[in-house]
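# based on what follows, work out the 3D shape:
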Amino acid sequence: MKRIVAISLLSGAMFVGAMSVEATNDECRQIVDATSFSTNIEACSPTMTNGEVTESSFKDYVSTLQKFKTTYKGEPQYTILEDKIKEATEVNDVINDIASINPYKLTGFSREVTNARTAYDALTDKAKSYVYNEQLLQTYEAAAIIVTQISNIKLTDTAAEYKRKVEAAKEAFDNAPMEVQNAVGNMDTLKTHENTLHRVDELSTIIASLNKDISTLTDSQISEFVAMLAEAKTLYESLSTTERKLVQGYQLVLDHEKGIGSAMEIVALINEISPSLATFAARTEAVKKKYDALAETDRKFVQNYDKLESYIEPAAISNALKKLKTTSKTFEADVADLRQRFDALTPTQQGYISNSSALTDAEQKLVQIEEMEKLISTIASATAQDMMGVVMSAGEAFELLDAGQRKLVENASELTKFEGIVKDVLKVEALIDKIDIQSKQFTKQATAAQKAFDKLTPEERLYVRNVSALASTGPISDFLVKLSKLRTSSKTYRQDVEDLRVEYMQFDAETRDFVGNYEAEPKLVEAERMISQANYVDERIARVGEEPEENYVKYVAQTRTAYNELPKDARKLVSKYKELQGVEKQIKPVLKTAELIEALDDSPKSLMAAFDKAQKAYAKLKPNQKLLVYNFNVLKEYEKPVSVSKKIKALKPTNLYFATDLATARQTYESLTEQQKGLVEGAYRITEAEMEMREVNVIVTLIQNVSITSPNYVKDARSAEQGYKQLMSSYRKLVVNYNYLKDELKSVKKVEKVMKNIDELVTLEPKKFATKLKAARKAYDKLEEDEKPHVANYMKLIEYETAESLK
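Next up is the predicted model:
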């Protein structure tokens, strides 16, 4: 920076003010000449106006002093005065030079202001009196504070700090005098910050308005909401990357924007779904997953969700039908569930399911399974002579089922069991046939046959056709057979053991030795021991009711322990075991049944299913337990409504007795009270079925009225045909005279073809006319006599033929 170091070089732009001088230069010179410098130099000091030195007076004074330089050079007072003038001049220059800094910057302006203030403060009071622009320095100092405030504003500040700094700088600037404001060189920077703050505040206000529950918005409010999102996005994008950091909560805008975009995508996907396409189910499921993935608030924007909702259940049923396998453990339940869900759909929704025939096929497989179970159930009641054939027939039928159906046959194990019985019984019969009492191998033969027979279950023994031969080998064989037949499950076991003991004691020593080979004595001893143990438990059970209340539970538990400690076979000899079980379990099934009945009043999903469950539970109770079911009357109240519901459910147009069943269902329904009618499931199906039956009867009547002798024969036949086609496919089978209509339609088609041939003659080219005319005549002549009167345009044919003959 320029520094003036010599009085002779003093110059520069200083503030100009009018000042007067007490003495002119000549007067000062005369005073100096007359007196010494030390006493009179001060007489030439610059005078001040209003107590302040001005630039003009200061320059005049310096000029005067310069004139005496030669005269007073070397005088101490002059030298001191000259130094003070020099120091003051330097400070004046420093202050004046600040104005040359353009534009004002923190690194230049503020530093030079500080330097000027430091230089001024270092002056003596006398030197300070020569600084004429100290007021300008104060102006620059005030401006430097504001410049620094503006320079300290950073876009990297927090939003709150940035706002505070901008507002503080603006307030300081507005409150400053005009001369200070003019000295603030970075005011444009402040204006830029003010503009940024204004846009950030505006965006923040919009974001705050977007923070609301979208689910409560109306359609018009949603449109406004979307417009606000667009405005927020535009504002945000107008900000620089650094300015955007000042915006708080903009993620809310992004979240809403993303949600709306996803919602609009789903709206388009829903509109693209077509039930006629093979991809219907898969597309519906995929779109539903996308919809479920939306935030709850964004779902409001999917305004065609009702359309998707009408597709969801048909699509789910279609997918389930594709996955339906007889190998599934839940196949039967799945089929029942799908049938119920399918029937619950509207006719339109049912039409969406292109593979609905799979449901009918699955139901047919269940019918086959049921028939298989019935066949197997007849095996047990077959005679020994017939059992073999019945088992083989059942086995062949079982093999015709597919692998999945076989697993669903609940009594398949019964078939397997009987097939095993057949195999075991044939083996025993062969061993019995080999027994020869005269043979040395008798004992071996009898033992082998007896052991094989003993291995059979009581049920299997019933099918051994030559069992009598095993028992006819004499007292020894009879004894051995009885001994081998001993089973603790037999009701006569105790008496059998006693009888065998008597027979054994009647044997002579040799016979005892013989039967000893079959361990007769140890078996009898073991049987008698088990009887004794069982008697002890029976006695304890008999005394259960005699026990006092405080010991009742403990006594029952001890009795149970005594029973459990018995050998497995001995337990079967405890005749009062059921009484023990009754004591333990009597209350449990009663309570369960009562709870199931109470559940009927809770509006179950299926009253029929709930009723059947409660009824089955009640039926399983013993007579004395049934008396304890306190709400049995409630079960009875539901019996009639449920019976009607079942009749309605069983209605099938494909049934030959459908009309009778429908009438019965209506009659039974009307016999109910109004309250009971409200409990009937699917009551509307009666009315629907009756309406369809009326249509069926109308069509039957129309067909009956179709007669070839009628002048309206063709019209009547076509009307009947049209009515038949309008019937639901399941009800068409009820039109009993449809075959008659089909026969009549054959004649109608022949008549209509002839009429068409005649009508077409009018448009033919002349060269083809004669040929087609003959063809029309030939077709007419082929008609039956009773068909010809119905050719309505026959007279045209006559006219054409007459005209042709005259050519």
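
# go ahead and confirm residue 409 touches residue 371.
No - counting by Cβ atoms under 8 Å, residue 371 is not a contact partner of residue 409; they are 10.1 Å apart. C-beta here means a position set from N, CA and C on the backbone, and glycine is covered the same way.

# show me which of these two is the more surrounded one.
More crowded of residue 409 and residue 371, by other Cβ atoms under 10 Å: residue 409, with 19 against 11.

# check the gap between that one and residue 567 for me.
Here residue 409 is placed at a distance of 37 Å from residue 567 (Cβ to Cβ, to the nearest Å).

# burial count for residue 362?
So residue 362, with other Cβ under 10 Å, has 20 neighbours.

# and if you look at residue 653?
Applying other Cβ under 10 Å, we find 19 other residues in the vicinity of residue 653.

# is it true that it touches residue 733?
Yes - counting by Cβ under 8 Å, residue 653 sits close enough to residue 733 to count as a contact (6.7 Å).

# element containing residue 795?
Using DSSP states H and E, residue 795 sits within helix 794-805.

# same question for that helix, mean pLDDT?
Throughout helix 794-805, pLDDT has a mean value of 85.

# residue 297 versus the residue lying closest to residue 271 once chain neighbours are set aside, what's the distance?
Distances taken as Cβ to Cβ, 6 or more residues apart in numbering put residue 304 closest to residue 271, at 6.7 Å, once the chain neighbours are dropped. Distance of residue 304 to residue 297, given as Cβ to Cβ: 18 Å.

# and whichever strand or helix holds residue 690, what's buried?
Using DSSP H and E, residue 690 falls within helix 684-705. For helix 684-705, burial by neighbour count (16 or more other Cβ atoms under 10 Å) applies to 685-686, 689, 692-693, 695-696, 699-700, 702-703.

# domain ranges for the chain?
As assigned by automatic domain parsing, the chain contains the domains 7-151, 159-248, 262-355, 384-584, 586-682, 692-805.

# circling back to that earlier point, next structured bit after the helix holding residue 690?
That would be, after helix 684-705 and using DSSP H and E, helix 713-726.

# what does that next one contact?
Applying Cβ atoms under 8 Å, 6 or more residues apart in numbering, the contact partners of helix 713-726 are 695, 698-699, 702-703, 705-707, 710, 732, 735, 738, 741, 744-745, 748, 751-752, 790, 792.

# now those residues: which count as buried?
In these, the ones that pass as buried (16+ other Cβ under 10 Å) are 695, 699, 702-703, 706, 735, 738, 741, 744-745, 748, 751-752, 790.

# elements contacting the helix holding residue 795?
Here helix 794-805 touches helix 738-759, helix 766-782, going by 3 or more Cβ pairs under 8 Å, 6 or more residues apart in numbering; DSSP states H and E.

# could you export those as JSON lines, including distance to residue 119 and mean pLDDT?
Formatted as JSON lines, these follow (distance: least, Cβ to Cβ, whole Å; pLDDT from 0 to 100):
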{"stretch": "helix 738-759", "distance to residue 119": "124", "mean pLDDT": "86"}
{"stretch": "helix 766-782", "distance to residue 119": "127", "mean pLDDT": "86"}
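
# tell me the most buried of those helices?
Among these, helix 738-759 has the highest mean neighbour count (mean count of other Cβ atoms under 10 Å), at a mean of 17.

# where in the stretch 151-300 of the chain is pLDDT low?
Scanning the stretch 151-300 of the chain for pLDDT under 70 picks out 209-223, 244, 246, 250, 252-255, 257-259.

# which residues of it fall in helices?
Along the stretch 151-300 of the chain, counting by DSSP state H, counting those that start in this stretch, helices occupy 159-175, 178-183, 187-210, 219-238, 241-244, 250-272, 280-293.

# residues in contact with the shortest one?
Where contact means Cβ under 8 Å, 6+ apart, the residues beyond helix 241-244 that reach it are 155-156, 196, 199-200, 236, 250.

# go with 10 Å
For helix 241-244, the external contacting residues (Cβ atoms under 10 Å, 6 or more residues apart in numbering) are 154-156, 162, 193, 195-197, 199-200, 203, 236-238, 250.

# go on, the first one?
Defining contact as Cβ under 10 Å, 6+ apart, one finds that helix 159-175 is touched by 142-143, 145-158, 180-181, 184, 186-187, 189-198, 200-201, 204, 243, 245-248.

# doesn't residue 700 make contact with residue 732?
No - taking Cβ atoms under 10 Å as the definition, residue 732 is not a contact partner of residue 700, at 11.3 Å.

# now for these two: what residues contact both?
Common neighbours of residue 732 and residue 700 (Cβ under 10 Å, 6+ apart) are 724, 738.

# ok so, going back, distance of the residue nearest to residue 271 from residue 705?
For residue 304 relative to residue 705 (Cβ to Cβ), the value is 49 Å.

# so how far is residue 262 from the spatially most central residue of the chain?
Closest residue to the average C-alpha location of the chain: residue 292 at 6.3 Å, with Cα atoms, centre = their mean. According to Cβ to Cβ, residue 292 stands 12 Å off from residue 262.

# which residues are in contact with each of the two?
residue 299.

# and the gap between residue 124 and residue 85?
With Cβ to Cβ as the criterion, residue 124 and residue 85 are 12 Å apart.

# pLDDT score for residue 51?
Reported pLDDT for residue 51: 46.

# no, scratch that, I was asking about residue 335
Per-residue pLDDT puts residue 335 at 88.

# check contacts around it.
Residue 335 neighbours (Cβ under 10 Å, 6+ apart): 320-321, 324, 326, 328, 358-359, 361-363, 365-366.

# please, which helix or strand holds it?
helix 331-343.

# can I get that helix in PDB, CA atoms only?
Coordinates of the C-alpha atoms in helix 331-343 are reproduced here as PDB (Å, rounded to 0.1, in the frame of the first residue of the first chain):
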ATOM      1  CA  PHE A 331     -56.800 -83.600  -0.100                       C
ATOM      2  CA  GLU A 332     -60.400 -84.300   1.100                       C
ATOM      3  CA  ALA A 333     -60.500 -81.200   3.300                       C
ATOM      4  CA  ASP A 334     -58.900 -79.100   0.400                       C
ATOM      5  CA  VAL A 335     -61.600 -80.300  -2.000                       C
ATOM      6  CA  ALA A 336     -64.400 -79.500   0.400                       C
ATOM      7  CA  ASP A 337     -62.900 -76.100   1.100                       C
ATOM      8  CA  LEU A 338     -62.400 -75.300  -2.600                       C
ATOM      9  CA  ARG A 339     -66.000 -76.300  -3.300                       C
ATOM     10  CA  GLN A 340     -67.300 -74.100  -0.600                       C
ATOM     11  CA  ARG A 341     -65.200 -71.200  -1.700                       C
ATOM     12  CA  PHE A 342     -66.100 -71.800  -5.400                       C
ATOM     13  CA  ASP A 343     -69.800 -71.800  -4.600                       C
END
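
# residue 292 against residue 299, yeah?
Yes - here residue 292 lies in contact with residue 299, judged by Cβ under 10 Å, at a distance of 8.9 Å.

# picking that back up, just the buried residues out of the contacts of helix 159-175, in ChimeraX syntax.
Burial among these is assessed by 16+ other Cβ under 10 Å; the matching ChimeraX selection reads:
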select :142,143,146,147,149,150,151,153,157,180,184,186,187,189,190,193,196,197,200,204,243,245,246,247
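
# sorry, back to before: so how far is residue 311 from the residue nearest to residue 271?
11 Å.

# just say helix, strand or coil for residue 380.
coil (DSSP: H, G, I helix; E, B strand; the rest coil).

# ignoring the adjacent residues along the chain, who's closest to it?
Closest to residue 380 by Cβ to Cβ, 6+ apart is residue 414, at 7.5 Å.

# no more questions from me, cheers.
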